[in-house]
Structures are given as structure tokens and as C-alpha cells.
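Novice: Structure for this input, please:
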Amino acid sequence: MKHYRHELLDSEAGVYRYDHLVVLRTARMPAVLLEAGSIVNRQEELELATPERRLAIAKAVTAAVADFCAARSPAAVRQVKGPATTGASERAKPASLAH
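Specialist: Numbering: from 1, shown residues only. Have a look, this model is predicted:
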């Protein structure tokens, strides 16, 4: 399986570099492919169905987008954050990443 191995970017979160996905390679703007969980794992499937887990994922994604935009344009951050977004200290991290 060596030819299927990709560079490991974050071992704790299990993030690998894979630049050949069509959905990312052909994007005309910054793009990310998010896997919030795996329904193959029964326990994770049950967790993904809870409102708490979904809210934690939504907050983490929103914070990541705001951070990305902050590095590029202060005006873009105001659009992404809006009134409901929490600050960095209140960010929720999905349980699978909270080790």
C-alpha cells in the first residue's frame, strides 16, 4: 500500500496531504474537504447524531473559516463571524480530536 500513503500533516487529528482529489484540485477558490466522522464506526455514528456533536463540529468549522479569512482580509472575517460566532477561547473541538 506504499503508493497510497500520503504525507501526514497532523498525527493527532489524522490529517494527511492529498492534493489529487478533483473536488479540491479544480476549485477556483480556497477549499477543504471535511470528514466530521465515520458512520462505519457505530459509536462515532451515534455521537454524530447528537445535537451537541453537530454543534461542536459547526463551531470548529466556523472558527477555522474565520481564522483562514483573518489571515487574508479583516472585512471577510466580519462576514464569516457574524454575531453568533464564538471567539477562539470558546471554540469547540470535536470529541475525537480533544485528546
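Novice: List the single closest residue to R53 in space, sequence neighbours excluded.
Specialist: What sits nearest to R53 in space, not counting adjacent residues and going by CB to CB, 6 or more residues apart in numbering, is E47, at 4.9 Å. All C-beta spots, glycine's among them, are computed from the backbone N, C-alpha and C.
Novice: residue boundaries of the strands in the protein?
Specialist: With DSSP state E as the criterion, the chain has strands at 8-10, 15-16.
Novice: L24 and R17, how far apart?
Specialist: Distance of L24 to R17, computed by CB to CB, to the nearest Å: 11 Å.
Novice: So which of the two has more stuff around it?
Specialist: Higher neighbour count among L24 and R17: L24, with 13 against 8, using other CB atoms under 10 Å.
Novice: still on that earlier bit, what distance do you get for the residue nearest to R53 to I57?
Specialist: From E47 to I57 the distance is 10 Å (CB to CB).
Novice: Ok, A31 next?
Specialist: Distance of A31 to I57, given as CB to CB: 18 Å.
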